[in-house]
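**Student:** structure for the following, please:
(one chain, ligands or ions: 2)
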Amino acid sequence: MRIARTLLELIYPKRCPICERIVLPKGAFICAKCYEELQWVNAPYCMKCGKPIHDPTKEYCYDCESKTFHYEYGYGMWVYDEKIRRSIVGFKYKNRKEYAEFYVNELVRGYADKIGRMGVECIVPVPIHKRRYRQRGYNQAAILAKKLGERLGIEVEEEALIRCKYTMPQKNLSDRERLKNLEQAFRVNQKRIEKYRGKRVLLLDDIYTTGSTIEACAKVLKGAGVDKVYYISLCIGRGY
Ligand SMILES: [Zn+2]
Ligand SMILES: [Zn+2]
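**Tutor:** Ligands and ions are numbered 1, 2, ... in the order given. This next block holds a predicted model:
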């Protein structure tokens, strides 16, 4: 087993999830220099959505002060900058599934305690539409959820949510248009969610920008009787 692994590493050496070069020393997941350049979300951040904010006297970002959400609160691990954006594009669209190992290691290192405090009994990845699944062959959030669940000893319900509407990329839409676009995009799989009625669930996604995806998922889960919904994502935009 160990020999097979070493051979595999010789043939397919690990690539850095940030610069894509072969990682040295062997066995590391990321170059030391790239690791230093990652922008971690540090205080002050919004107590609701987790976005980094500027004013340390404020509890919430501008958005969360004025909006209500169906989820309790959540965290983004890294600031969504150009480096991490490219890394996630590789993970999502270029079959760099091996990056999940590094991402989840960091989630566990930084957020295991925080997730513990949420008291969740299940991790639910944000689903992608079947058509997308067929094109891509995998759901990146589900890969992360499975690994995270394994590491933290929390059940993972990959099919608790179904993405029933094929939504176009949302980049050029306003907040309201996004939310409208996402309403009815998700529904629950009754059979799968039944046992989490009255319980707490952690949603997992790769990126949190406006929060409309997490909000749409949380709304549907709560509608199905889930008591509390939290979220965690690899990266997050900045707040105001
Ligand atoms: Zn690197
Ligand atoms: Zn916020």
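**Student:** residue closest to the middle of the chain?
**Tutor:** In the chain, the centroid-proximal residue (C-alpha atoms, centre = their mean) is residue 205; its distance is 2.5 Å.
**Student:** how about the residues of the protein near ligand 1?
**Tutor:** Proximity of the chain to ligand 1 is assessed by C-beta under 5 Å from the ion, with 16, 18, 19, 31, 34 identified as the residues in range. Yep, even glycine has a C-beta here, placed from its N, CA and C like the rest.
**Student:** if we use 6 Å, what do you get?
**Tutor:** Those residues of the chain that sit near ligand 1, judged by C-beta under 6 Å from the ion, are 16, 18, 19, 21, 30, 31, 34.
**Student:** hang on, residue 226 packs against residue 195?
**Tutor:** No: when contacts are counted by C-beta atoms under 8 Å, residue 226 is not listed as touching residue 195 (10.5 Å).
**Student:** the two: who's more crowded?
**Tutor:** Neighbour comparison, residue 226 and residue 195: the larger count goes to residue 226, with 23 against 13 (by other C-beta atoms under 10 Å).
**Student:** how about the nearest residue to that one, chain neighbours excluded?
**Tutor:** Taking C-beta to C-beta, 6 or more residues apart in numbering as the measure, residue 226 lies nearest to residue 201, with 5.1 Å between them; neighbours along the chain are not counted.
**Student:** and for the one you found, the neighbour number?
**Tutor:** What residue 201 shows, counting by other C-beta under 10 Å, is a neighbour count of 29.
**Student:** biggest separation within the residues of the chain next to ligand 1, which pair?
**Tutor:** Between any two of the residues of the chain next to ligand 1, the greatest separation by C-beta to C-beta is 10.3 Å, found for 21 and 30.
**Student:** more neighbours: those two, which one.
**Tutor:** residue 30 (21 against 11).
**Student:** can you pull the domain assignment for the chain?
**Tutor:** Residue ranges of the domains in the chain are recorded as 1-37, 39-236, according to automatic domain parsing.
**Student:** okay, and the residue nearest to residue 226 sits in which element?
**Tutor:** Residue 201 belongs to strand 200-208 when elements are defined using DSSP states H and E.
**Student:** ok, now residue 150?
**Tutor:** Using DSSP H and E, residue 150 maps to helix 140-152.
**Student:** in this protein, which spans are strands?
**Tutor:** Along the chain, counting by DSSP state E, strands occupy 74-79, 122-125, 155-156, 161-163, 186-188, 200-208, 228-236.
**Student:** the first one near ligand 2 at all?
**Tutor:** I take that to be strand 74-79. No: residues of strand 74-79 contacting ligand 2 under C-beta under 6 Å from the ion: none, with a closest distance of 9.4 Å.
**Student:** so which elements touch that strand?
**Tutor:** With contacts defined as 3 or more C-beta pairs under 8 Å, 6 or more residues apart in numbering; DSSP states H and E, the packing partners of strand 74-79 are helix 99-118, strand 200-208, strand 228-236.
**Student:** okay if I get those as TSV plus mean pLDDT?
**Tutor:** As requested, these are exported to TSV (pLDDT from 0 to 100):
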stretch	mean pLDDT
helix 99-118	97
strand 200-208	97
strand 228-236	98
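**Student:** distance to residue 77 added to the ones you listed, as TSV?
**Tutor:** Output for the helices and strands packed on strand 74-79, formatted as TSV (distance: least, C-beta to C-beta, whole Å):
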stretch	distance to residue 77
helix 99-118	6
strand 200-208	10
strand 228-236	6
